[in-house]
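Colleague: Quick check, what structure comes out for this input:
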Amino acid sequence: EFVAGSYDKFNYELLERPNFGIRLKRGGFAKDFISTISDNSELGKAKALYSWIQQHFTWDGYIGFSSSEAGREAYNKAEGSVADINLSFIAACREAGIKANPVVLNTRGNGIPHPLFPSFDRFNYVIAYIEFDNGFILADPSADLPLGELPLK
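Modeller: Residues are numbered from 1 along each chain as shown. Sure, this is the predicted structure:
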């Protein structure tokens with residue numbers, strides 16, 4: 001079990017990982033679609049991207065928070081894990097100029113993360129945090145739910 005020492009270090013290490021943070025810079029696969037979005041508001045773009053990603057991908061049933069394929073590779077496969085889909089969505093949002101970040105969390109039944117000493121083993125899911133001038137939305141396009149609703153798990 002790898003413990004990061006602090007949540008600041010945990011965040012830093014995650015964002016430097018090739019299978020997590022580096023994947024957030026791979027939104028180029030969405031450029032063509034982004035150019036077709038007619039609603040220029042951030043919320044309009046986020047809704048369009050969410051629907052596009054949700055309709056394109058099939059969730060393979062695997063959960064987790066890291067992905068070695070998020071971005072064009074996952075998009076070309078059109079199937080992937082929660083991390084493949086959500087990290088691809090975040091990368092696409094960033095490509096469109098939307099403030100989007102990953103949120104790693106834990107599904108029910110995977111234990112409770114330690115409040116002071118984060119362990120990478122205690123987190124097993126990732127969702128998207130989309131920030132707007134007047135608030136935010138949490139999203140999970142791997143689930144068959146509308147933007148802003150999260151699966152019960």
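Colleague: rest of the way, CA atoms for contacts and neighbours
Modeller: Fine.
Colleague: Would you map the strands across this protein?
Modeller: With strands called from DSSP state E, the chain shows them at 58-59, 79-80, 99-105, 125-132, 135-139.
Colleague: Any chance of a markdown table for those strands, columns mean pLDDT and mean neighbour count?
Modeller: Output for these, formatted as a markdown table (pLDDT from 0 to 100; neighbours: other CA atoms under 10 Å):
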| stretch | mean pLDDT | mean neighbour count |
| --- | --- | --- |
| strand 58-59 | 95 | 20 |
| strand 79-80 | 94 | 20 |
| strand 99-105 | 94 | 20 |
| strand 125-132 | 95 | 20 |
| strand 135-139 | 96 | 16 |
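Colleague: In TSV: those strands, plus distance to residue 43.
Modeller: Shown next, in TSV, are those (distance: least, CA to CA, whole Å):
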stretch	distance to residue 43
strand 58-59	24
strand 79-80	25
strand 99-105	11
strand 125-132	8
strand 135-139	9
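Colleague: just checking, residue 37 touches residue 43?
Modeller: No. Contact criterion CA atoms under 8 Å: residue 37 and residue 43 do not qualify, at 11.5 Å.
Colleague: if we can go back for a sec, between the strands of the chain, which gets nearest to residue 6?
Modeller: Each of the strands of the chain has some distance to residue 6 by CA to CA; the shortest is strand 99-105, at 14.9 Å.
Colleague: Fine by me, we can end here.
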